[in-house]
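Undergrad: got a structure for you, letters missing:
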Ligand SMILES: Cc1ncc(COP(=O)(O)O)c(C=O)c1O
């Protein structure tokens with residue numbers, strides 16, 4: 001085992017339990033494992049940058065070239081994508097957002113109408129289902145067949161579904177599935193044939209396990225980009241979800257026009273702390289991120305062993321991305337509300353742990 005310069009392997013369970021956020025502080029559940037926060041301490045480079053703001057008492061309006069000028073974090077998005085993934089987003093199509101779901105909902109609002117179908121892989125991160133439901137759109141599910149997404153079935157469902165958009169969770173939460181080029185090309189081809197705009201949520205793209213690679217959806221080509229909106233942030237990979245900042249790249253002309261036509265101030269402006277943290281993450285945080293991926297990689301394998309030993313009825317497919325574990329408990333036969341059983345019989349971990357979100 002390598003050394004632990006970032007304190008990723010020595011988490012204190014009592015410190016975690018004392019946290020006040022949604023994951024550890026929620027009642028009545030002792031621990032909300034579904035909340036996608038990591039338990040690792042934040043990268044020192046981020047903590048230092050935030051501390052500098054506090055030490056210099058710099059809580060006033062930032063000097064970014066005007067109150068609604070693009071933030072320094074948004075300016076870094078294109079170069080970071082080019083460096084990490086060989087994708088060159090158009091800087092003129094990049095917009096600051098407060099969070100990723102805001103970007104997803106703005107895209108649904110402007111690129112579809114009530115009653116329209118929205119394609120979504122199932123199972124899904126539940127706010128996507130909530131988006132479709134609350135915004136009066138209709139779910140067009142991509143279901144699974146023998147452990148793989150069934151696009152033939154989707155084609156049948158798309159006939160007459162009136163679908164106009166596709167929310168692509170890429171990589172996929174909760175499955176940890178990394179869409180490879182052939183699958184992305186199939187998605188792009190279906191989207192093109194059915195005239196769908198793809199809203200690609202790439203928030204987990206920096207959390208790819210060894211052996212896999214992230215391919216930004218818009219990088220497939222100019223035609224694909226023209227019918228895509230990409231939303232991303234540093235918040236998952238660098239554990240900054242509470243700071244609230246995200247970025248949207250509108251490959252779709254319609255989305256650019258929609259966002260530019262909004263009255264000034266409509267979307268607000270980003271928080272200085274969030275932007276500072278993101279700039280620190282994206283300019284100096286990759287060594288920390290590599291160390292995190294090493295531990296998460298070990299943990300996903302450890303979980304396979306633990307389940308085989310203690311809960312052999314639970315199916316778990318090794319995720320290729322994210323720190324989330326999607327456990328199939330069907331065979332445990334826990335009835336209609338398995339959460340009650342987990343709450344009643346769930347073991348509270350003891351002592352120290354090197355766990356994650
Ligand atoms: C796939 C995905 N999209 C969006 C979000 C939420 O992002 P935000 O808090 O920026 O809206 C999460 C959080 O877990 C997520 O997993």
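TA: Great, that's in hand. Owing to the predicted nature of the structure, the values given are computational and were not obtained by experimental measurement.

Undergrad: which parts of the stretch 1-150 of the chain sit against the ligand?
TA: Contacts of the stretch 1-150 of the chain with the ligand, taken as Cβ under 6 Å from any ligand atom, map to 36, 99, 100, 101, 125. Placement of C-beta: from N, CA and C, glycine included.

Undergrad: now the residues you listed in CSV, with neighbour count, secondary structure and pLDDT?
TA: Shown next, in CSV, are those (neighbours: other Cβ atoms under 10 Å; DSSP: H, G, I helix; E, B strand; the rest coil; pLDDT from 0 to 100):
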residue, neighbour count, secondary structure, pLDDT
36, 20, coil, 92
99, 18, coil, 97
100, 22, helix, 98
101, 18, helix, 98
125, 21, coil, 97
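
Undergrad: closest to residue 324 among those residues?
TA: Minimum distance to residue 324 across these is 6.4 Å, recorded for residue 36 (Cβ to Cβ).

Undergrad: just give me the longest helix of this structure.
TA: helix 286-310 (DSSP state H).

Undergrad: nearest to residue 169, of the residues of the stretch 1-150 of the chain next to the ligand?
TA: For these, the minimum distance to residue 169 (Cβ to Cβ) is 6.0 Å, reached by residue 125.

Undergrad: the closest residue to the closest one other than its chain neighbours in helix, strand or coil?
TA: Counting by Cβ to Cβ, 6 or more residues apart in numbering, residue 125 lies nearest to residue 173, which is 4.5 Å off, once chain neighbours are set aside. Three-state secondary structure (criterion: DSSP: H, G, I helix; E, B strand; the rest coil) places residue 173 in coil.

Undergrad: my guess is residue 173 contacts residue 207. True?
TA: No. Residue 173 lies out of contact with residue 207 (Cβ atoms under 8 Å); the separation is 10.0 Å.

Undergrad: what is in contact with these two at once?
TA: Applying Cβ atoms under 8 Å, 6 or more residues apart in numbering, one finds that residue 173 and residue 207 are jointly contacted by residue 322.

Undergrad: name the helices or strands packed onto the longest helix of the chain?
TA: Here helix 286-310 is seen to pack against strand 315-316 when contacts are counted using 3 or more Cβ pairs under 8 Å, 6 or more residues apart in numbering; DSSP states H and E.

Undergrad: neighbours around residue 35, how many?
TA: Neighbour count of residue 35, defined by other Cβ atoms under 10 Å: 13.

Undergrad: quick one: contacts for residue 289?
TA: When the contact criterion is Cβ under 8 Å, 6+ apart, the partners of residue 289 are 43, 206, 237, 238, 281.

Undergrad: repeat that for residue 175.
TA: For residue 175, the contacting residues are 123, 317, 319, 326, taking Cβ under 8 Å, 6+ apart as the criterion.

Undergrad: highest neighbour count among those residues?
TA: Within the contacts of residue 175, neighbour counts (other Cβ under 10 Å) peak at residue 319, which reaches 25 neighbours.

Undergrad: next, give phi and psi for it.
TA: For residue 319, the backbone dihedrals (degrees, to the nearest 10) come out as phi -70, psi 150.

Undergrad: check what pLDDT it gets.
TA: Reading off the per-residue confidence, residue 319 sits at a pLDDT of 98.

Undergrad: what about it, distance to residue 201?
TA: Using Cβ to Cβ, to the nearest Å, residue 319 is found at 16 Å from residue 201.

Undergrad: same check, this time on residue 142
TA: Residue 142 sits 15 Å away from residue 201 when distances are taken as Cβ to Cβ.
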